[in-house]
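Asks: Below are the sequence and a predicted model; questions follow.
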Amino acid sequence: MIDLATALTERPVILDGGLGTLLEARGNDVTSDLWSARVLRDDPDEVRTAHAEFVAAGAEVVITASYQIGFAGRIPDAEVEALLRRSVTVARDAGAAVVAASVGPVGALRADGSEYTGAYGLSLAELREAHRRRLHVLADAGADVLAIETIPSPLEVEALALELAALDMPAFVSLSADSTGFAGRGALAVALREAASAPGVVAVGVNCCAPASVLPALEDAPGLPLVVYPNTGETWEAATRTWHGGAAPLADDAPAWIAAGARLVGGCCRSTPADIAAIAAAVR
């Protein structure tokens, strides 16, 4: 185990890759609205094994399979708390140095594509309520840090920052750099500063975006250590639930990200243990 906040001030730390991608490659069905959460519910040993593959590839931080799990979502509320806690347990059992409990956006719970726009039709108070109970369960579940990830709009960033203020729990906050919710000039930079201002936040940055979107997103980033874990370059079509285009080797860009201030580096959708091993080698 390492103290993530301290490590990030000293050196780059390697994050894991696309859990759903690896589960699918291992023969699991992740085509439902629940994605990897379905595997966590029905076959937790598969999730544990997938986490362990990323650890073996060099990942020091693994993100739990709780991205799509939340109250008032696609999973009955009666099952949600047990699954959130299970997500942390199986990640811990995989031997990770740091377990990061995934907190996805409200759009991930809806599985309707709104996680790429932030257009939920919810007020600030409603967004805070939508996240509150899940945050408290995960903060109590034994994770080392909260992974607030793929957040697609300034309003949801504000809601999460306010909720984090009520928790005694370290967190990193990662925004969806390609979301239309940040289309306004300077909107992403403002949201990164908002995230960085929340108590307990040890790093801020971007994920679930094209590799080419990373450096522009970091240009006006705040002074905290930065987190970077983009997709491998293909384009996701939410309507058809399919990927299109070619992949880019993430390790080629990792040194430039680190030079720009990234200290927590890995991959998101479509990235594999081989990608993480290559990033770890490039960092070394």
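Replies: Here it is on my side, so go on.

Asks: got the contact list for residue 132?
Replies: Listed by C-beta atoms under 8 Å, 6 or more residues apart in numbering, the contact set of residue 132 reads residue 163. For the C-beta atoms, the positions are set from N, CA and C on the backbone; glycine is no exception.

Asks: Using the three-state scheme, assign it.
Replies: helix (DSSP: H, G, I helix; E, B strand; the rest coil).

Asks: Just the local confidence number for it, please.
Replies: pLDDT for residue 132: 97.

Asks: neighbours of the closest residue in space to residue 17 that isn't next to it in sequence, just the number please.
Replies: Across the structure, with C-beta to C-beta, 6 or more residues apart in numbering as the measure, the residue nearest residue 17 apart from its sequence neighbours is residue 271 (3.6 Å). Per other C-beta atoms under 10 Å, the neighbour tally for residue 271 reads 26.

Asks: Quickly find the element holding the spatially most central residue of the chain.
Replies: Of all residues in the chain, the one closest to the mean position by C-alpha atoms, centre = their mean is residue 149, 3.7 Å from it. Under DSSP states H and E, the secondary-structure element containing residue 149 is strand 145-151.

Asks: Can you tell me which helices and strands that strand packs against?
Replies: strand 61-63, strand 98-103, helix 124-139, helix 154-164, strand 171-176, helix 187-196, strand 201-207 (3 or more C-beta pairs under 8 Å, 6 or more residues apart in numbering; DSSP states H and E).

Asks: show me the contacts for residue 204.
Replies: The neighbourhood of residue 204, defined by C-beta under 8 Å, 6+ apart, consists of 172-175, 192, 195-196, 221-222, 224, 226-227.

Asks: Oh, that last question was meant for residue 25, not what I typed.
Replies: For residue 25, counting by C-beta under 8 Å, 6+ apart, the contacting residues are residue 272.

Asks: at 10 Å what do you get?
Replies: With contacts defined as C-beta atoms under 10 Å, 6 or more residues apart in numbering, the neighbours of residue 25 are 18, 50, 53, 272-273.

Asks: Nearest spatial neighbour of residue 81, chain-adjacent residues omitted?
Replies: The spatial neighbour of residue 81 that comes closest, neighbours along the chain excluded (C-beta to C-beta, 6+ apart), is residue 137 at 5.3 Å.

Asks: shouldn't the one you found be in contact with residue 66?
Replies: Yes - the pair formed by residue 137 and residue 66 meets the contact definition of C-beta atoms under 10 Å, at 9.3 Å.

Asks: between those two, what contacts are shared?
Replies: Taking C-beta under 10 Å, 6+ apart as the criterion, residue 137 and residue 66 both touch 80, 83-85, 88, 101.

Asks: Secondary structure and pLDDT for those - can I get that in JSON lines?
Replies: Below are the shared contacts of residue 137 and residue 66 laid out as JSON lines (DSSP: H, G, I helix; E, B strand; the rest coil; pLDDT from 0 to 100):
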{"residue": "80", "secondary structure": "helix", "pLDDT": "97"}
{"residue": "83", "secondary structure": "helix", "pLDDT": "97"}
{"residue": "84", "secondary structure": "helix", "pLDDT": "98"}
{"residue": "85", "secondary structure": "helix", "pLDDT": "98"}
{"residue": "88", "secondary structure": "helix", "pLDDT": "98"}
{"residue": "101", "secondary structure": "strand", "pLDDT": "98"}
